[in-house]
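Undergrad: Show me how the following folds:
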Amino acid sequence: MLNINSLPMKRIIIITICLVLCGFHLGNAQAYSLVNNVKTPHCSVIPDTYELTIADVSYTSTQLLTIANDLYVNYNGAELIDAPSNKYNCHAYAWHVSEGGNKVWIGYYTDTAEDVYWTDGSYIEVPENESTKVSYHQDGNHSAIRLNSTWYQSKWGPSALVKHHPNDVPSGYKPSMTKKYYKLASIIGPDQLCLTTQTYSLPAGCLTGNWSVSGSIQFDTQNTTNVNSVTVKPSAYSSSGTLKAVASNGLTYVKSISTCTNSIIGSEFVCSSATYTTTFGPVSSWSKTEGSVNDPFFTLTPNGNSATVTVSPGSPYQWATLKAVVNGLPISKEIWTHAIAGPETICYSFNYSLTTGETPYGV
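TA: Numbering: from 1, shown residues only. Model (predicted):
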């Protein structure tokens, strides 16, 4: 095996770059052992994956500093994140090691071993600004993780782990050609909760998870530990919540869920009577709370999914809170008797009208 520590510094840099461009492995096939325990999030075995069985290459701090300076100068401010290593390559880092997996070499003999990460649905193709993984797929045979819009991070063959701009990589990776962008597949289920409960599941049947909720959603199932799916219902309308599962593959799946807007529909002002419904039902009950507890002015007549509110002619300006319960959740609306619409202060003249538009009497 090549002893990098015995080489002059200039040769170290040249050999490191050459190895990246040529895709040559430090060591040989006898130094690696085929493994079949590296799997995608959806439990597919990654083919052509090997584990180093001999001692890894080592560098002194002086050598690493020289490599770091070389990266910074020749690759537009690229940063050395970790020393060169024969244990893992770009595909292993991007798809496995960066997610907590052990260091292996994915695609020792082939150029497509990593494809299973998206062909089995573990990751889905998305626009770049939504992605976490990048494939330099057009003859580049390179993978990276996307840190943000400016920086990627990738392992350069047996060379260093590097933080770099998207196109500032060795030319052998074909950085100017089309890239593909991926993110982890999401929890399966609707983005919005309305009336009924909904079932949400992890994106593969082989997965189980420990589930939790926050915000305006709640579980409608008893078992939320080590299960593939759960049922969820809203705890409030016109809001949102988050469903999370820490899965058996070690990854955390998160889904944002909104709850439907449900409101009482009808006039804010009541002249003699007004009818009210809800955005959707069924309504299990109607009620009201008077603004003046000792002197009620509103009469409520429920009628299933609608309700009628009446006030007596000549009632003074007053308010009440009208309430409906839909699917076990309350919604409300403030209603008022008639009022005069217009400014509180005038200079010359102003035409005033009743808010409900009726003809006044007794004036």
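
Undergrad: For stretch 200-210, buried residues please.
TA: By 16 or more other C-beta atoms under 10 Å, the buried positions in stretch 200-210 come out as 200-204, 207-209. Heads up, the C-betas are built off the backbone N, CA and C, glycines and all.

Undergrad: Endpoints of that stretch, how far apart?
TA: End-to-end distance for stretch 200-210, by C-alpha to C-alpha, to the nearest Å: 13 Å.

Undergrad: I'd like the average pLDDT over it.
TA: Averaging pLDDT along stretch 200-210 yields 97.

Undergrad: so how far is it off the chain centroid?
TA: Relative to the chain's own centre, stretch 200-210 is displaced by 16 Å; criterion: C-alpha atoms, centre = their mean, to the nearest Å.

Undergrad: can you list contacts of it?
TA: Stretch 200-210 is contacted from outside by 41-43, 121-122, 185-189, 224-232, 243, 245-249, 253, 255, using C-beta atoms under 8 Å, 6 or more residues apart in numbering.

Undergrad: Of the residues you listed, select the buried ones using a PyMOL command.
TA: Those of those that count as buried under 16+ other C-beta under 10 Å are selected in PyMOL with:
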select buried, resi 41+42+122+185+187+189+224+227+228+229+230+232+243+245+247+248+249+253+255
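
Undergrad: Residue 264 pairs with what?
TA: Counting by DSSP bridges, residue 264 forms beta bridges with residue 278.

Undergrad: ok, residue 226 to residue 125 distance?
TA: To residue 125, residue 226 is 30 Å away according to C-beta to C-beta, to the nearest Å.

Undergrad: Please flag which of the contacts of stretch 200-210 sit within strands.
TA: 229-232, 243, 245-247, 253, 255 (DSSP state E).

Undergrad: tell me which of those residues is nearest to residue 166?
TA: residue 253 (26.7 Å; C-beta to C-beta).

Undergrad: Can you name the residues bridging to the closest one?
TA: Beta-bridge partners of residue 253, counted by DSSP bridges, are residue 245.

Undergrad: shaky segments in the protein?
TA: 1-29, 292-295, 314-315, 338-344, 346, 348, 350, 352-363 (pLDDT under 70).

Undergrad: how does it divide up, domain by domain?
TA: Following automatic domain parsing, one finds the domains of the chain at 4-184, 192-259, 270-347.

Undergrad: Can you list the buried residues in stretch 99-108?
TA: Across stretch 99-108, burial judged by 16+ other C-beta under 10 Å covers 99, 101, 103-107.

Undergrad: out of those residues, who's nearest residue 196?
TA: residue 99 (35.2 Å).

Undergrad: isn't the closest one right up against residue 250?
TA: Yes: contact criterion C-beta atoms under 8 Å: residue 99 and residue 250 qualify, at 7.0 Å.

Undergrad: any chance of the ones in strands among the contacts of stretch 200-210 in TSV, plus distance to residue 31?
TA: Output for the ones in strands among the contacts of stretch 200-210, formatted as TSV (distance: C-beta to C-beta, whole Å):
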residue	distance to residue 31
229	44
230	46
231	51
232	50
243	45
245	39
246	36
247	34
253	37
255	43
